[in-house]
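Colleague: here you go, sequence then predicted model.
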Amino acid sequence: MEKNQVPQQGEKNGYRILFLTFLSLALAGLLFDEPGAILAGLSRIVTDPDYLITDYMGVGGVGAAFLNSGLVSMLCIGLLRYLGVPLTGITFAAIWTVAGFSFFGKNVLNVWFIIAGVGLFARYRREPFSRFIYSALFGTALAPLVTQILFGFDAPLLLRIPLATLAGLATGFVLPPLGAAMMRFHQGFNLYNIGFVSGFIGSIVLSLFRSYGFVPETRLVWSTGHNGVLAPLFLALFSAMFVLGFLMNGRKLAGLAALMRRPGRIVTDFFLLFGIGPTLMNMALGGACAILYLLAIGGDINGPTLGGVFTVVGFSAFGKHPRNMAPIVAGVVIGGITKVWGLTDPRIQLAALFATTLAPVAGEFGPLWGIAAGFIHSSLVLNIGSLHAGFNLYNNGFSGGTVAAVLVPVIEALRTGSGKNVS
């Protein structure tokens, strides 16, 4: 991968920015609830079965959801620093994604079982845990599996604890080798590679559950009515992020246009290529565009959609930018208008945000193929979740990997046959 040398000071500043951002997020919970109510809400979040779609704002309240997200994020940042992991674009992607899904599915209890399982794999291989840390962080997509066994099964606690522990450790243990193998299927055109892997693992686990008579019910916890407060709050955050990036870039926009010419295919690390200034500005633009999209369609800003917004922000340091995301979103919008569901359907709101995992398709092959990818994804993502019943939080990563695995070879065959770019 082409890259520039990132100054050590830039790395330290980046970690400080991440930590302060999520410390502020945790403290912002106090704007919504009293401390006692927040702690009670956090307890409900930790013990509630939280497979898709479970909005922590609906389970524990807005304040508790903010605290959970901030705590999980800061603990993961601390783990990265303890392991001496250098800051790169994927660091931003991992932490922001964890933070986003800590509004709907990941919490201060369930993520550690998966992370520990990856740690066991590293020990088994006699390799540094830091080599596999991003598989561990992204692999927390399967954290609801642990919660379901701990709190969703009708069995003695003394049985549930070892079963949940074993399931979490085993899941984490197999993630690193599967992540490396599955990359070949979509050739780096699906940015949520671990989501693709987790879809297969979740499907196997669900099959085992059903074999023993456990069939989870369809779940939708979706809170509304927060737009008036949350939209200004996060637009202000992203505005401040853009200004900070601008200042750290010497009060220039230099590098931002070049960044947006990158296709975004894995591995495209904007932090290593362009530095912290343009990266922060691009992240801010991604987040602001996501919030404005939700407002434009009359959607909801809540736990699940903030998960989508935060994931856009994070991966705007590692492959996404407005130019390659826009065609994907346009494809989902066309699907929402022409198919049997509307743009404000909760799953379509999420699809428009998370479908940007396919942004490299638009970046590499052009906007028309990007629109096609988004259009196909908008249908597939609503059906493929039945394979894992929501135990894989990155359902769009599972769908996106499938779309890329099927569509990209077709595109390349057509381009080869015509001798030119058909987009």
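Modeller: Received the coordinates, thanks. Residues are numbered from 1 along each chain as shown.
Colleague: could you export the strand or helix carrying Arg81 as PDB, CA atoms only?
Modeller: Using DSSP states H and E, Arg81 sits in helix 62-82. Only the C-alpha atoms of helix 62-82 are listed here, as PDB (Å, rounded to 0.1, in the frame of the first residue of the first chain):
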ATOM      1  CA  VAL A  62     -30.700   8.100  25.900                       C
ATOM      2  CA  GLY A  63     -28.300   8.900  28.800                       C
ATOM      3  CA  ALA A  64     -27.500   5.200  29.500                       C
ATOM      4  CA  ALA A  65     -26.900   4.600  25.700                       C
ATOM      5  CA  PHE A  66     -24.500   7.500  25.600                       C
ATOM      6  CA  LEU A  67     -22.600   6.200  28.600                       C
ATOM      7  CA  ASN A  68     -22.400   2.700  27.300                       C
ATOM      8  CA  SER A  69     -21.000   3.800  24.000                       C
ATOM      9  CA  GLY A  70     -18.500   6.100  25.600                       C
ATOM     10  CA  LEU A  71     -17.300   3.500  28.100                       C
ATOM     11  CA  VAL A  72     -16.900   0.700  25.600                       C
ATOM     12  CA  SER A  73     -15.000   3.000  23.200                       C
ATOM     13  CA  MET A  74     -12.700   4.400  25.800                       C
ATOM     14  CA  LEU A  75     -11.900   0.800  27.100                       C
ATOM     15  CA  CYS A  76     -11.100  -0.300  23.500                       C
ATOM     16  CA  ILE A  77      -8.900   2.700  23.000                       C
ATOM     17  CA  GLY A  78      -7.100   1.900  26.300                       C
ATOM     18  CA  LEU A  79      -6.600  -1.700  25.100                       C
ATOM     19  CA  LEU A  80      -5.000  -0.400  21.800                       C
ATOM     20  CA  ARG A  81      -2.700   1.800  23.700                       C
ATOM     21  CA  TYR A  82      -1.800  -0.900  26.200                       C
END
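Colleague: quick one: that helix to chain centroid distance?
Modeller: A distance of 15 Å separates the centroid of the chain from that of helix 62-82, by C-alpha atoms, centre = their mean, to the nearest Å.
Colleague: need the CA coordinates for the next helix or strand after that helix. CSV is fine.
Modeller: As assigned by DSSP H and E, the chain's next helix or strand after helix 62-82 is helix 89-101. C-alpha atoms of helix 89-101 as CSV (Å, rounded to 0.1, in the frame of the first residue of the first chain):
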residue,chain,number,x,y,z
GLY,A,89,-7.1,4.7,9.5
ILE,A,90,-8.4,1.3,10.5
THR,A,91,-8.0,2.4,14.2
PHE,A,92,-10.5,5.2,13.6
ALA,A,93,-12.8,2.8,11.7
ALA,A,94,-12.7,0.2,14.5
ILE,A,95,-13.3,2.6,17.4
TRP,A,96,-16.0,4.6,15.7
THR,A,97,-17.7,1.3,14.6
VAL,A,98,-17.6,-0.1,18.1
ALA,A,99,-18.9,3.2,19.5
GLY,A,100,-21.8,3.2,17.0
PHE,A,101,-22.8,-0.4,17.7
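Colleague: quick check: angle from helix 89-101 to helix 62-82?
Modeller: 150 degrees (axes from the mean of the first three to the mean of the last three C-alpha atoms, to 10 degrees).
Colleague: which strands and helices lie in contact with the next helix or strand after helix 89-101?
Modeller: Going down the chain from helix 89-101, the next helix or strand is helix 111-125, by DSSP H and E. Helix 111-125 makes packing contacts with helix 62-82, helix 133-139, helix 143-147, helix 157-186 when contacts are defined by 3 or more C-beta pairs under 8 Å, 6 or more residues apart in numbering; DSSP states H and E. Placement of C-beta: from N, CA and C, glycine included.
Colleague: just the CA trace of helix 111-125, in PDB.
Modeller: The C-alpha coordinates for helix 111-125 follow below in PDB (Å, rounded to 0.1, in the frame of the first residue of the first chain):
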ATOM      1  CA  VAL A 111     -17.800  -7.500  23.900                       C
ATOM      2  CA  TRP A 112     -15.000  -9.000  26.100                       C
ATOM      3  CA  PHE A 113     -15.800 -12.600  25.500                       C
ATOM      4  CA  ILE A 114     -15.200 -12.200  21.800                       C
ATOM      5  CA  ILE A 115     -12.100 -10.200  22.300                       C
ATOM      6  CA  ALA A 116     -10.700 -12.800  24.700                       C
ATOM      7  CA  GLY A 117     -11.400 -15.500  22.200                       C
ATOM      8  CA  VAL A 118      -9.200 -13.700  19.600                       C
ATOM      9  CA  GLY A 119      -6.600 -13.300  22.400                       C
ATOM     10  CA  LEU A 120      -6.600 -17.100  22.900                       C
ATOM     11  CA  PHE A 121      -6.000 -17.500  19.100                       C
ATOM     12  CA  ALA A 122      -3.000 -15.200  19.300                       C
ATOM     13  CA  ARG A 123      -1.600 -17.200  22.200                       C
ATOM     14  CA  TYR A 124      -2.200 -20.400  20.400                       C
ATOM     15  CA  ARG A 125      -0.300 -19.100  17.400                       C
END
